[in-house]
Structures are given as structure tokens and as C-alpha cells.
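Chemist: Give me a model of this one.
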Amino acid sequence: MNAETSLAAVLVACPKCHSLVRVPEARAGEHPKCPRCKAPLLAGEPVALDANGFVAHVERATLPVLVDFWAPWCGPCRMMAPVLDRTAAQRATQLRVAKVNTDEQQQLAGRFGIRSIPTLILFRAGQEIARQSGALDAATLGRWLDRALA
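Modeler: Numbering: from 1, shown residues only. Down below sits the predicted model:
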């Protein structure tokens, strides 16, 4: 490992207090905790976002974020929930899975032109890098993420 690799770090927003924490990439698998609130930073669970949480997790953090724009009354959205839960657990050190309830966060939904749900948007360092509308099974979602993150 060279010096450049050992210094590489990712900014991660805490899922509880939304503080930004610098985590060395080489230590991401060591279950880092937030220095402020002591919550696990990469717990492998989807994070519900409001407008303030969106700023911290998507716009300010550098860890890629897969945002699920959904609503509680949407059948396909409910079908996607276990797939997203598994994805969050399996890829905890690679990306954050977040959920935006479009009924509660209409401004965010409007800002991103959400016309159908579920809609998944993958962000990296605040920039949209991929978008997919409609429910996906786990294998299809995995392939889509692999292509988008390559």
C-alpha cells in the first residue's frame, strides 16, 4: 500500500445526527462510529431523509448515496423495501441507501422531477450519476449499481 492509498478517505454523514465524519477508506470495514453521538456510521440500514438530512448525506458527504423516492401507499415501493434493506446491508461500506418519502418531502421530489415512484437516484459527491424508475429485483439492482459505480 502506498502513501496515497493509505490517506484516501471518504466523508460520511452520520445516520443519527447528520454530522460529517472523515473515514479512511482502508478502515471503512472496521465499524466506525460517529465521534459526536457514537452511532455506527456504516450500519447497513436505509436512512430516512428530510431536506436537512439530504444536504448532509447527498450534497456534502462523498460516500455514494442511493436515494429511493417512495410513498407509503405505493405497492411497488413496498415491494422494493426488502431489496433496498439487503442492498444497504451488503454494500454498507460502498454506499449509503437513503429513502425520501415523496408525500412528506414534496419539495425534494419536485427538485428532482420525480414523476413516478419508486424512482432510484444514485448520487456521488452531490452529483446525480444514474436514475432508474420502477421496481427492481435484487439481481437487477445489483447490476445497475455495479455499472453506475464503475
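
Chemist: what residue ranges in this structure are flagged as low confidence?
Modeler: For the chain, the stretches flagged by pLDDT under 70 are 1-7.

Chemist: So which residues of it form strands?
Modeler: Applying DSSP state E to the chain gives strands spanning 9-13, 20-24, 47-48, 65-70, 96-101, 119-124, 127-133.

Chemist: So what touches the third one?
Modeler: This points to strand 47-48. Strand 47-48 has contacts (Cβ atoms under 8 Å, 6 or more residues apart in numbering) with Pro15, Gly53, His57, Arg96, Val97, Ala98, Lys99, Val100, Asn101. The C-beta positions use only the backbone N, C-alpha and C, and glycine is treated the same way.

Chemist: mind checking how far the fifth one is from Trp70?
Modeler: Okay, so that is Val97. 12 Å (Cβ to Cβ, to the nearest Å).

Chemist: what do you get for the first one?
Modeler: In this structure, Pro15 and Trp70 are 18 Å apart, going by Cβ to Cβ.

Chemist: okay, now Lys99: neighbour count?
Modeler: Using other Cβ atoms under 10 Å, Lys99 is surrounded by 20 other residues.

Chemist: which one is it nearest to, not counting chain neighbours?
Modeler: Asp68 (4.8 Å; Cβ to Cβ, 6 or more residues apart in numbering).

Chemist: which ones are touching that neighbour?
Modeler: Pro46, Cys77, Met80, Leu84, Val97, Ala98, Lys99, Val100, Pro118, Thr119, Leu120.

Chemist: Likewise for Leu141?
Modeler: Val83, Thr87, Leu120.

Chemist: what do you get if the cut-off is 10 Å, keeping everything else the same?
Modeler: Leu141 is in contact with Leu66, Met80, Val83, Leu84, Arg86, Thr87, Leu120, Gln132, Ala135, counting by Cβ atoms under 10 Å, 6 or more residues apart in numbering.

Chemist: Same check on Ala109?
Modeler: Phe69, Trp70, Ala71, Val100, Asn101, Thr102, Asp103, Arg115, Ile117, Thr119.
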